[in-house]
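> Pasting a predicted model and its sequence here:
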Amino acid sequence: METKIVKIDPQHIDMEQIAGMGRLLAAGKLVAFPTETVYGLGANALDEGAVKRIFAAKGRPSDNPLIVHFANAADIKTVVREIPEAALRLLEQFSPGPLTIILKKQPHLNDTVTAGLDSVAVRIPANPVARALIAAAGVPVAAPSANLSGKPSPTRAAHVIADMDGRIDAIVDGGSCAVGVESTVLDMTGARPAILRPGGVTYAQIKAVLPDVQIDAHVLQSVGAAETPKSPGMKYKHYAPDAEVIVVEGDIKKVRGKIEELIKGVQQKRVGVLAMDGASYPAADLVLSAGADNRDYANRLFDALREFDRRQIDLVFAEFSGDMDYGLAVKNRLYKAAGNHIIHVREK
Ligand code: AMP
Ligand code: MG
C-alpha cells in the first residue's frame, strides 16, 4: 500500500486538504494525524472493518480497546449511555484537551473498538489539525497512538513514517506534539473515579474538580499475566526502544553519581544517558537532554528513546527525579520502557 503524506500548517490549516483526509476516514481508510499528546492512527469508529485494520496495522492485541475521538464534547453522547454530572464538570474544565474519560457505552457501538467491554473511552483533542480532521470526517474517530505496538509513541510525523509507511493510507504531518505523552485516562464507571493512566492532565488538576479521584494501583506496577487490570493496555509491554533501558531514580545529585559509576562498569556496549539539564557524562557515547523539568521530559521522552535506537545505543540510563504533576506520567512511561528495571538511589 502506498501511504500518502500531507503536510498541514496548524497555524494556517488548508481546509481543502483536510476535507480530503476527512473523506478518507469516513470511507473506512486509516489516516494518522497529530494531536497535542502524540500522533494518532485514526479510523471511523463506527466502521468495524476499518477499526480492525487499525489493530492489524499496529500489531495491537485485540483485547486492548481504542480511544474514540470527537471534535466537540457535545458529540460524545452519540456513543455513551449517559454523561454523569461529574464527567460534565471535567469536560467543562479540560475539554478539549489531553483527558480521556471512560463511560458506559451505547449498545450500537461495535465490540472491536471497545474490545468487548461495556464501556468506551472518549476524548476531545485540542490540537486544531486533529479537530478540523475529525469534524471533516463527520464521524467519531477511533485512534490509538500511531506506532507499532510496543514501540515508543510517535511525537513527530517522522516517527509515524518510520513505523507505518506502507501499512496505512495516509499521514497528516502537522509538526511535533506539544505535550508528548498520551492523555490521562480516567475511569468514571466505578464508585470512585480512577486514573488508569497518568498523562497530559495531572492528578492535582483532576483532584481540584473531583476530590475523590484515586490513582489505580497498576499505574506504577508491572502487571503479571495472571492479574486483570482495569485498563487492558496496562498489561502489555510498552514504549520500549530496541536498547535496554535502566531508570535511575532519586535525588538528582546521587542519581548522577550512581550513573557515572554504572557507566564505568559497562563493557562492549554503546551507552546512552537521558539526562536533565546540567548533567555531564563524558564517559557515555551519547547524552540526550530531557530538558529542565518533567514537563520538558514528557515532551522529549519518546523522541529520545527513538533517537537512541537510531544512533545504535545498546544501553540507556535514564535519570529520574520527582513524581509530582507531569512527573507521574513520565515515571509511568519510563518504568514501562525499562520493563521495570529501576534503580532507586536511597538517601544515606
Ligand atoms: P492508546 O490507544 O495506545 O493511547 O491506549 C489507550 C489506553 O486506554 C489503553 O491503555 C487502553 O487499555 C485504555 N482504554 C481504552 N478503552 C478503555 C475502556 N473502555 N476501559 C478501560 N481502559 C480503556
Ligand atoms: Mg499507545
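Looks like it came in fine. Residues are numbered from 1 along each chain as shown. Ligands and ions are numbered 1, 2, ... in the order given.
> Now do the helices in the stretch 51-200 of the chain.
With helices called from DSSP state H, counting those that start in this stretch, the stretch 51-200 of the chain shows them at 85-94, 111-114, 128-137, 157-164.
> neighbouring contacts of the second one?
Yep, that's helix 111-114 we're talking about. Helix 111-114 has contacts (CB atoms under 8 Å, 6 or more residues apart in numbering) with 45, 48, 51-52, 55, 62, 65-66, 68, 105, 120, 142. (Each C-beta comes from the backbone N, C-alpha and C, glycine too.)
> Among these, which has the minimum pLDDT value?
Within the set of those, pLDDT is lowest for residue 62 (94).
> wait, it sits on residue 55?
Yes - here residue 62 reaches residue 55: they are 5.5 Å apart, a contact under CB atoms under 8 Å.
> what about the two, which has more around it?
Counted by other CB atoms under 10 Å, residue 62 and residue 55 do not tie: residue 55 has more neighbours, with 20 against 13.
> Count the neighbours of residue 65 for me.
Neighbours of residue 65 using other CB under 10 Å come to 24.
> Check the spacing between it and residue 346 real quick.
39 Å (CB to CB, to the nearest Å).
> How about residue 132?
For residue 132, the distance to residue 346 - CB to CB - is 50 Å.
> Residue 72 now?
Distance from residue 72 to residue 346, by CB to CB: 49 Å.
> who's more crowded, those two?
residue 72 (12 against 8).
> How about the more buried one, nearest residue that isn't a chain neighbour?
Distances taken as CB to CB, 6 or more residues apart in numbering put residue 124 closest to residue 72, at 6.6 Å, once the chain neighbours are dropped.
> can you pull the contacts of that neighbour?
Counting by CB under 8 Å, 6+ apart, residue 124 has contacts 69-73, 76, 91, 95-97, 131.
> Any of the residues you listed buried? List them.
69-71, 73, 76, 91, 95-97, 131 (16 or more other CB atoms under 10 Å).
> circling back: find the one among the helices of the stretch 51-200 of the chain with the highest mean neighbour count.
Mean neighbour count (mean count of other CB atoms under 10 Å) peaks for helix 128-137 among the helices of the stretch 51-200 of the chain, with a mean of 23.
> how about the residues of the chain near ligand 1?
64-67, 102, 114, 117, 119-121, 144-145, 182, 185, 196-197, 230-233 (CB under 6 Å from any ligand atom).
> what's the straight distance from one end of stretch 4-19 to the other?
15 Å (CA to CA, to the nearest Å).
> contact partners of that stretch?
With contact meaning CB under 8 Å, 6+ apart, stretch 4-19 is reached by 20-21, 34, 127-129, 132-133, 136, 157, 161, 169-175.
> what about 7 Å?
Contacts to stretch 4-19, defined as CB atoms under 7 Å, 6 or more residues apart in numbering, come from residues 21, 128-129, 132-133, 136, 169-175.
> again, but for stretch 37-44
Here stretch 37-44 makes contact (CB under 7 Å, 6+ apart) with 25-26, 28, 30-33, 50-51, 53-54, 57-58, 69, 98, 137, 139, 141-146, 153-155, 159-160, 164, 168, 177, 179, 181-183, 199-200.
> Also stretch 142-151?
32, 38-43, 45, 51, 54, 58-60, 66-69, 113, 153-154, 159-160, 163-164, 182, 237-238, 240.
> Show only the entries of those found in strands.
Among those, DSSP state E puts 32, 40-43, 67-69 in strands.
> Closest one of the residues you listed to ligand 1?
Comparing the ones in strands among the contacts of stretch 142-151 against ligand 1 with CB to the nearest ligand atom places residue 67 closest, at 5.2 Å.
> Identify the residues contacting that closest one.
Contacts of residue 67 by CB under 7 Å, 6+ apart are 100, 121, 123, 143-144.
> if you set the cut-off to 8 Å instead, what comes out?
100, 121-123, 142-144, 183, 185.
> How much space separates it from residue 121?
4 Å.
> Then residue 168?
Counting by CB to CB, the gap from residue 168 to residue 121 is 21 Å.
> about what we covered before: the contacts of helix 111-114 into CSV, with extra columns for distance to residue 14?
Below are those laid out as CSV (distance: CB to CB, whole Å):
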residue, distance to residue 14
45, 25
48, 31
51, 27
52, 30
55, 31
62, 36
65, 33
66, 27
68, 26
105, 35
120, 32
142, 24
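> which among the residues you listed end up buried?
For those, buried by 16+ other CB under 10 Å: 45, 48, 51, 55, 65-66, 68, 105, 120, 142.
> What segments of the stretch 201-348 of the chain are strands?
Here the stretch 201-348 of the chain has its strands, by DSSP state E, counting those that start in this stretch, at 214-215, 244-250, 271-276, 286-291, 315-320, 342-345.
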